[in-house]
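Engineer: Got a predicted structure plus its sequence, pasted below:
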Amino acid sequence: MVSMGVKRGLLIGLVVCLGMAGCKPAILDAMPVSTQIPLEATALPVLQVPTPVCQVFDEAALSPADPNYGYPPETDTDWIEGNANALITFVFYGDFLCPYSADLDGVLATLVEEYTDEFRVVFRQLPIQNSYLPALAIEAASMQSIETANPLRHHLFAHQVDWIQLTGDEFITWLKPYLVSLELDAAQFEVDILSDKAQQNILDDLLIIEEMQITGSPFVLINDKPYTGIRDEESLRDIIRSYQQVNAEDIVYFDHCPDQVIDVEQTLRARITTTRGAMMVDLYTAQAPFTVNNFVFLAEQGWYDDSPIFRVIPGTVLQTGDPTGTGSGTTGYEFGNEINPELAFDQPGVLAMANAGSQDPISNSGQFFITYGPAQNYTGGYTIFGKIIAGLEVLDEFPAVEPAIGEYVNMPDRILSIEILEVE
């Protein structure tokens, strides 16, 4: 048998556990906004650029999908709790010796029970040094009945302090009463825990972990996207709520590219009213006519009304224009860049279309971002179509929100409305 006679304090020192980045959510109240913003005109150079290619998605492609980050797909050997059709899936790579994994397991068990239909957890082993005995135990239990894996997992995590100093034989003796309660054959369990199959399963887990370069426990994916944010119960509950607010059935997609709604000879402004204040934007109708027309078309259709500001990196960019708040939503069509070499990211308050980058040049849709300052590295890769001429200070009112690194808010700031104005 494997010896487990190591004290908990030393084990915690040996086990590498990830830090918890991010901050707690806050409910944001709408602030009064002023509409008394001047409509001064700004003279800009005019240079004709090719009209972007626009294409409409097939119906099957309209549902937003998170990008593939290259992590292993689910299999019938995964240990899963919750509804197979759940809105949110947490993939939890856990190590039985890590106290942070134990804490997270308890939190996730509570959330699965609370959000039975919308939330599920996929548990995978992350057996860091000296944690092989409990890892082999769950493998052995699964050989008799895969349904026993999750309750055994919860039992091992919940009673971590009870078994962590036990030797192999002592561990089996301690565990037997619970095995009996799960209606498992204890004698067969002792055979299976030492089997080549159990050991090979652990080896396979270690090889996958090495390939993915996972260095600590717990490691979490939310809908296949790595999550390194705070993992307390309320913060994770807020993430679930944020996904609940996104109902794809309520989003109206367009089955055609934008109608022509602007006169390129007309000077246009846009008043963007948000939960933090209002900003006046000068639209570059002559310099980026297709993109401005798209923006005005969507604004007039109400696409941006009540749209979450789902990404804010203070001092860098603010991103919005996706009603799903996931960063992967689309209007139903996409179009190419409309790069005007006379325009550059050389000042704060520049409005530009968000896209998938150079690997997918026809990927502009409804999302746009606003810069906090000069960002010359963006020049040439993103279509500039306007700039803030009043209300620039509003940008500094938005707290950081970055789902990719785990900074979520329960009720994110939003665009309340976008009003298009003609300037005489």
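Structural biologist: Thanks, I have the structure now.

Engineer: Verify the assumption that residue 347 is located in a strand.
Structural biologist: No - read with DSSP: H, G, I helix; E, B strand; the rest coil, residue 347 is coil and lies in no strand.

Engineer: list the contacts for the closest residue to it other than its chain neighbours?
Structural biologist: In space, and not counting its chain neighbours, residue 347 is closest to residue 374: 6.1 Å by CB to CB, 6 or more residues apart in numbering. (Glycine included, C-beta is placed from N, CA and C.) Contact analysis of residue 374 by CB atoms under 8 Å, 6 or more residues apart in numbering lists 345, 346, 347, 348.

Engineer: so which strand or helix has residue 374?
Structural biologist: Per DSSP states H and E: residue 374 is located in neither a helix nor a strand.

Engineer: do the same with residue 399
Structural biologist: Using DSSP H and E, no helix or strand contains residue 399.

Engineer: Can you tell me the SS state at residue 325?
Structural biologist: Classification of residue 325 by three-state DSSP places it in coil.

Engineer: Look up how far residue 241 lies from it.
Structural biologist: Distance of residue 325 to residue 241, given as CB to CB, to the nearest Å: 11 Å.

Engineer: Of the contacts of residue 374 - the most surrounded one?
Structural biologist: Counting neighbours by other CB atoms under 10 Å, residue 345 leads those with 20 neighbours.

Engineer: Next one: it, what pLDDT does it get?
Structural biologist: Predicted confidence (pLDDT) at residue 345: the value is 96.

Engineer: list the contacts for it?
Structural biologist: 352, 371, 374, 375, 376, 377, 378, 379, 382, 384.

Engineer: On the three-state scheme, the first one is what?
Structural biologist: Put simply, residue 352 is strand when judged by three-state DSSP.

Engineer: Neighbours of it, how many?
Structural biologist: Residue 352 has 26 neighbouring residues, counting by other CB under 10 Å.

Engineer: Just list the residues touching it, thanks.
Structural biologist: By CB under 8 Å, 6+ apart, the contact list for residue 352 reads 345, 368, 369, 371, 378, 382, 383, 384, 385.

Engineer: Relative to residue 235, which of the residues you listed is nearest.
Structural biologist: residue 369 (25.6 Å; CB to CB).

Engineer: The closest one belongs to a strand?
Structural biologist: Yes - residue state for residue 369 (three-state DSSP) corresponds to a strand.

Engineer: So it versus residue 115, what's the distance?
Structural biologist: Applying CB to CB to residue 369 and residue 115 gives a distance of 32 Å.

Engineer: Take the contacts of residue 374 and lay them out in CSV including distance to residue 103.
Structural biologist: Formatted as CSV, the contacts of residue 374 follow (distance: CB to CB, whole Å):
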residue, distance to residue 103
345, 43
346, 47
347, 46
348, 42
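
Engineer: Residue 280 - that's part of a helix, no?
Structural biologist: No - read with three-state DSSP, residue 280 is strand and lies in no helix.

Engineer: Pull the number of nearby residues for it.
Structural biologist: Applying other CB under 10 Å, we find 20 residues neighbouring residue 280.

Engineer: what's the answer for residue 138, then?
Structural biologist: Counted with other CB under 10 Å, the neighbours of residue 138 add up to 24.

Engineer: which residue sits closest to residue 51 in space, ignoring its chain neighbours?
Structural biologist: residue 290 (5.5 Å).

Engineer: and the one you found, what are its phi and psi?
Structural biologist: Per-residue torsions, residue 290: phi -70, psi -40 (degrees, to the nearest 10).

Engineer: what packs against the helix or strand residue 273 falls within?
Structural biologist: In the assignment (DSSP H and E), residue 273 maps to strand 267-274. In terms of contacts (3 or more CB pairs under 8 Å, 6 or more residues apart in numbering; DSSP states H and E), strand 267-274 is packed against strand 277-283, helix 289-300, strand 414-423.

Engineer: what's the span of stretch 296-315, first residue to last?
Structural biologist: 27 Å (CA to CA, to the nearest Å).

Engineer: ditto for stretch 91-99
Structural biologist: End-to-end span of stretch 91-99 (CA to CA): 18 Å.

Engineer: was I right about residue 188 contacting residue 141?
Structural biologist: No - using CB atoms under 8 Å, residue 188 is not in contact with residue 141, being 10.1 Å away.

Engineer: Which one's more surrounded, these two?
Structural biologist: Between residue 188 and residue 141, residue 141 has the larger neighbour count (other CB under 10 Å), namely 26 against 13.

Engineer: Any idea which helix or strand in the chain has the lowest mean pLDDT?
Structural biologist: helix 8-14 (a mean of 28; mean pLDDT, DSSP states H and E).
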